[in-house]
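S.K.: turn this into a model:
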Amino acid sequence: MIVLVLAIGYPLLVLWQLNGRKLRDRLDVVVVFAVGFLFLLFARTTVDWQAVPPWLWLIGLLLLATSVVRAGWAWPDLQWTNSRRGGRRATSAAIQLVIATALIVVLL
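M.R.: Take a look at the predicted model:
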């Protein structure tokens, strides 16, 4: 059940971050959506959907799609890296994206 909380709660957290302008830069947006997709995929593959109604997963999917639309509006106002140490920031984001991509590939 914790997976469903992550699959629904994480997109809600993303919407809250986007509306409150809590994301610092475009790298934050990319990492947040990669992790959000990972949580949804993980929920889709690990939950027994005979015991849990599938519309719960669809709620998470719709919330993440809403977050993508909202991020599209915020995207032009963000810089790629908003940090004094842009190189470290980019390296950190790249490592996070590689880990998320590897997990997504394993789950597919």
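S.K.: work out the gap between the one helix or strand L61 maps to and the centre of the chain.
M.R.: Using DSSP states H and E, L61 sits in helix 55-74. Relative to its chain's centre, helix 55-74 lies at 10 Å (Cα atoms, centre = their mean, to the nearest Å).
S.K.: what's the answer for stretch 28-35, then?
M.R.: How far stretch 28-35 lies from its chain's middle: 5 Å, per Cα atoms, centre = their mean.
S.K.: how about stretch 24-37?
M.R.: 6 Å.
S.K.: can you list the buried residues in it?
M.R.: Within stretch 24-37, the residues scored as buried using 16 or more other Cβ atoms under 10 Å are 25-37. Glycine gets a C-beta too; all of them are placed from N, C-alpha and C.
S.K.: wait, which of those residues is closest to Y10?
M.R.: For the buried residues of stretch 24-37, the minimum distance to Y10 (Cβ to Cβ) is 5.3 Å, reached by G36.
S.K.: mind listing what that closest one touches?
M.R.: Counting by Cβ atoms under 8 Å, 6 or more residues apart in numbering, G36 touches 10-11, 14, 64, 67.
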